[in-house]
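Engineer: Mind looking at a prediction? Sequence and model below.
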Amino acid sequence: MNFAWRSPDYCERIESSLHPLMLLLCLLLPLLLSWGLALYNSIKNEKLDWAVDEEEKKKSHSDGTDEKDNGPHSKAITRIGHSSNPFLDIPHDPNAAVYKTGFLARKIHADMDGKRTPRGKRGWKTFYAVLKGTVLYLQKDEYKPEKALSEEDLKNAISVHHALASKATDYEKRPNVLKLKTADWRVLLFQAQSPEEMQAWINKINCVAAIFSAPPFPAAIGSQKKFSRPLLPATTTKLSQDEQLKSHEAKLKQISTELAEHRSYPPDKKLKGKEVDDYKLKDHYLEFEKIRYEIYVALLKEGGKELLSSGENDGPGLKKSHSSPSLNQESPVSAKVKRNISERKDYRPETPSIKQKVT
């Protein structure tokens, strides 16, 4: 077919219409690559349901029901959760090491992405906590290695990958309370039986997170200026302890640089709404990540895995609290506090619009 009769203006219009499409493809390519890598790793670590034949399914189900009989020798690694996103599910390894156990009272302070927890779900509940692998299991009964976990126990489980535990200095209604902020920005409060127990839980949780958290995926890239947090995989890192330390140090340097650059260009005071909220959200994220990686680096420099096997209560960069009185050793929730109108402020989730000190 002869296109010689086409005018030069027509050709220019064709080129101008193709330019936005090429630009869009360039913007989407890094995002598609990162998600493709994440999907590949997920499929590699766990088979898709439709890719498993019926015989294998029956075998896996029978293994699950016989877990009580098989005891801790079961080799099946399952995932906790009912989400379609594999990064939100928690890997459950029945053969993982147990690093700490004991009674803890839990209070849900903020749901995923820091959203405020409904009032009816904020009450204190007592559990027997088991830090096993990278998962904190909250059980109704005392831990027994040969006993299989119930559905309720699995539902209450919390992954501590990329998490940070610290003393809840902004919560004064109960003593010996630690705050746990997870990778998906949930915030939970835990009351221990004594200041020593509180500090021991803080150290063990942070040690597990520092040693076993896999490097984060790159943040999504798009044409919008809206800030989005990078993906934090729940899988265990494949790096050695020295490589993990170097990875954390590199990430700390990167976050520190980003935070300094971010604060050197504050938004115009005349601006309001989404742009200001987005600035505060990114500032809050970078400040928290800087503190988190500082603690991770300090823990790995102090020995990392050796700290997990030791019974020491104190850890690097974490100051032990002596100000709170000890609770009754038999029950971590001996004191009850009546609610009042001002209590609402204490139970709000950590959001950028509320000025709170990140601990």
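Structural biologist: Happy to help now that I have it.

Engineer: Quick one: end-to-end distance for stretch 110-127.
Structural biologist: From its first residue to its last, stretch 110-127 covers 19 Å (C-alpha to C-alpha, to the nearest Å).

Engineer: Flag every buried residue along it.
Structural biologist: Residues 110, 111, 114, 117, 122, 124, 127 are the ones in stretch 110-127 that count as buried (16 or more other C-beta atoms under 10 Å). For glycine as for every other residue, the C-beta is placed from the backbone atoms N, C-alpha and C.

Engineer: With stretch 248-256 instead?
Structural biologist: Buried residues in stretch 248-256, counted by 16+ other C-beta under 10 Å: 248, 251, 252, 255.

Engineer: and which of these is nearest to residue 278?
Structural biologist: Using C-beta to C-beta, the shortest approach to residue 278 within the buried residues of stretch 248-256 belongs to residue 255, at 17.7 Å.

Engineer: which other helices and strands contact the helix or strand harbouring that closest one?
Structural biologist: Secondary structure assigned from DSSP states H and E places residue 255 in helix 241-264. Packing contacts for helix 241-264, counted by 3 or more C-beta pairs under 8 Å, 6 or more residues apart in numbering; DSSP states H and E, involve helix 195-212, helix 274-301.

Engineer: pLDDT score for residue 296?
Structural biologist: With respect to pLDDT, residue 296 scores 96.

Engineer: which stretches of the protein have low pLDDT?
Structural biologist: Applying pLDDT under 70 to the chain picks out residues 1-19, 21, 37-92, 219-225, 310-359.

Engineer: just the strands in it please.
Structural biologist: Under the criterion DSSP state E, the chain contains strands at 78-80, 90-92, 98-110, 125-132, 135-139, 158-159, 164-167, 177-181, 187-191.

Engineer: quick one: which of the ones you listed is nearest residue 274?
Structural biologist: That would be strand 98-110 among these, by C-beta to C-beta, at 20.9 Å.

Engineer: Touching stretch 237-256 from outside, list them.
Structural biologist: 210-216, 286, 289-290, 293-294, 296-297, 300-301, 304-305 (C-beta atoms under 8 Å, 6 or more residues apart in numbering).

Engineer: any chance of the helices and strands packed on helix 241-264 in a markdown table, with mean neighbour count and distance to residue 234 too?
Structural biologist: A markdown table is the format used below for those (neighbours: other C-beta atoms under 10 Å; distance: least, C-beta to C-beta, whole Å):
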| stretch | mean neighbour count | distance to residue 234 |
| --- | --- | --- |
| helix 195-212 | 23 | 10 |
| helix 274-301 | 19 | 16 |
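
Engineer: Ok, which of those helices comes nearest residue 181?
Structural biologist: That would be, of the helices and strands packed on helix 241-264 and by C-beta to C-beta, helix 274-301, which comes in at 7.2 Å.

Engineer: what's that closest one packed up against?
Structural biologist: Applying 3+ C-beta pairs under 8 Å, 6+ apart, we find helix 274-301 packed against strand 164-167, helix 195-212, helix 241-264.
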